[in-house]
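Undergrad: compute the structure for the input listed below.
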Amino acid sequence: MSAQTTQSPVVQNPDKAALNKRLESIGWGLFLIMLGGFALVPEQTIPKGLWPIGVGVIMLGLNVTRYFNKIRMSGFTTFLGIISIIGGVLELLGVKSLEGALFLIILGSYLLIKPWFDQRQLFGKAEES
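TA: Next comes the predicted model:
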């Protein structure tokens, strides 16, 4: 005998999907503006590490905005944002050999707390919020 599992139907909210698309466009716009700015400014003017911090702030800012608008966040960009900020701070501090180890620690930590995120349904497709 096999137990039947019932899944609740996926309900798409067109308003939230449209808002999420707009937020993603804003995020991409900010990313491209920052990329252009870093290409224009001489390397010696900006300390190393600000690029990844900027990328991380944009990714986490996008997900924080999603959260406050009751749109599911992206686990992928949240994870990349955290890694970017930590990597950038380490680069600003002159530490360069910890990036791989730090990546593994953060990935392991995420796997440990993933059930908590799943229970609260914080991550997933924005359209299904």
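
Undergrad: residues making contact with the strand or helix carrying F103?
TA: Taking DSSP states H and E as the definition, one finds F103 inside helix 99-120. Outside helix 99-120, the residues that touch it by Cβ atoms under 8 Å, 6 or more residues apart in numbering are G75, F79, I82, I83, I86, G87, L90, F123. For every residue, glycine as well, the C-beta is placed using N, CA and C.

Undergrad: select the longest helix from the chain.
TA: Ranked by number of residues, the top helix in the chain under DSSP state H is helix 14-40.

Undergrad: downstream of it, the next helix or strand is which one?
TA: Assigned by DSSP H and E, the successor of helix 14-40 is helix 50-68.

Undergrad: of all the contacts of helix 99-120, which two lie farthest apart?
TA: The most widely separated members of the contacts of helix 99-120, counting by Cβ to Cβ, are L90 and F123 (25.6 Å).

Undergrad: including secondary structure and neighbour count, could the contacts of helix 99-120 go into CSV?
TA: Shown next, in CSV, are those (DSSP: H, G, I helix; E, B strand; the rest coil; neighbours: other Cβ atoms under 10 Å):
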residue, secondary structure, neighbour count
G75, helix, 16
F79, helix, 17
I82, helix, 17
I83, helix, 19
I86, helix, 19
G87, helix, 23
L90, helix, 17
F123, strand, 18
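
Undergrad: from those, which is closest to F68?
TA: F123 (15.2 Å).

Undergrad: ok, that closest one touching G75?
TA: Yes - when contacts are counted by Cβ atoms under 8 Å, F123 is listed as touching G75 (4.0 Å).

Undergrad: so where's the chain shaky on pLDDT?
TA: Residues of the chain meeting the criterion pLDDT under 70: 1-11, 97-99, 125-129.

Undergrad: roughly how far does the residue nearest to K96 when sequence neighbours are not counted sit from K48?
TA: In space, and not counting its chain neighbours, K96 is closest to L90: 7.3 Å by Cβ to Cβ, 6 or more residues apart in numbering. Per Cβ to Cβ, to the nearest Å, L90 is found 10 Å from K48.
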